[in-house]
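Engineer: I'll drop the sequence and a predicted model, then ask my questions.
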Amino acid sequence: MEEIRNTHIIHEDGKIGEVQIADDVVAIIAGLAATEVDGVADMYGNITKELVSKLGMKSLSKGVKAFVTEEGVVVELALNIKFGYKIKEVSVKVQEKVKSAIETMTGLDVVCVNVRIANITIEQN
């Protein structure tokens, strides 16, 4: 049975065809962008870049919800932040990075990036 996914047309050309993008693809882009910000330990649910190679790209959408509406994209992220980083500064950087990545890669407008700090992690040496 095929999985039902919300998809949205991001390009339509009568001569060639159309390009569609699924909500979970937008969520994966957001998850990748967020984990690239210094101070972000990982997405809520302990999904790290190292685990992606083992579990697959779909795992990056854990801790991320993306909704594509007529007004644009709304993203909700749950993050684990590293101890010692300023939460407000990291959050703003995540918002900027996620917005930029989604808009650059998809051409969709991002109207909102909500960040929820789910946990603080302490790095073990």
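Structural biologist: Sure, I can see it.
Engineer: Sketch out the strands for the protein, chain order is fine.
Structural biologist: For the chain, the strands defined by DSSP state E occupy 7-13, 17-22, 40-43, 64-68, 73-82, 110-121.
Engineer: what's the offset of the second one from the middle of its chain?
Structural biologist: Using CA atoms, centre = their mean, to the nearest Å, the distance from the centre of strand 17-22 to the centre of the chain it belongs to is 19 Å.
Engineer: List the neighbouring strands of it plus their orientation.
Structural biologist: When pairing is defined by DSSP bridges, strand 17-22 lines up against strand 7-13 (antiparallel).
Engineer: returning to what we had before: need the strands of the chain in TSV (columns: distance to residue 91 and mean pLDDT).
Structural biologist: The C-beta positions use only the backbone N, C-alpha and C, and glycine is treated the same way. Shown next, in TSV, are these (distance: least, CB to CB, whole Å; pLDDT from 0 to 100):
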stretch	distance to residue 91	mean pLDDT
strand 7-13	27	63
strand 17-22	26	77
strand 40-43	9	87
strand 64-68	15	89
strand 73-82	8	94
strand 110-121	5	95
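Engineer: Which one, of those strands, ends up nearest to residue 93?
Structural biologist: Residue 93 lies closest to strand 40-43 among the strands of the chain, at 8.6 Å (CB to CB).
Engineer: Any idea how many residues pack against residue 121?
Structural biologist: 13 (other CB atoms under 10 Å).
Engineer: hang on, isn't it packed against residue 85?
Structural biologist: No. Between residue 121 and residue 85 there is no contact under CB atoms under 8 Å: 10.3 Å.
Engineer: Touching both of the two, which residues are there?
Structural biologist: Counting by CB atoms under 8 Å, 6 or more residues apart in numbering, residue 121 and residue 85 have no contacts in common.
Engineer: which helices and strands sit right next to the longest helix belonging to the chain?
Structural biologist: If you go by DSSP state H, the chain has its longest helix at helix 87-106. The contact analysis (3 or more CB pairs under 8 Å, 6 or more residues apart in numbering; DSSP states H and E) places helix 87-106 against helix 23-35, strand 73-82, strand 110-121.
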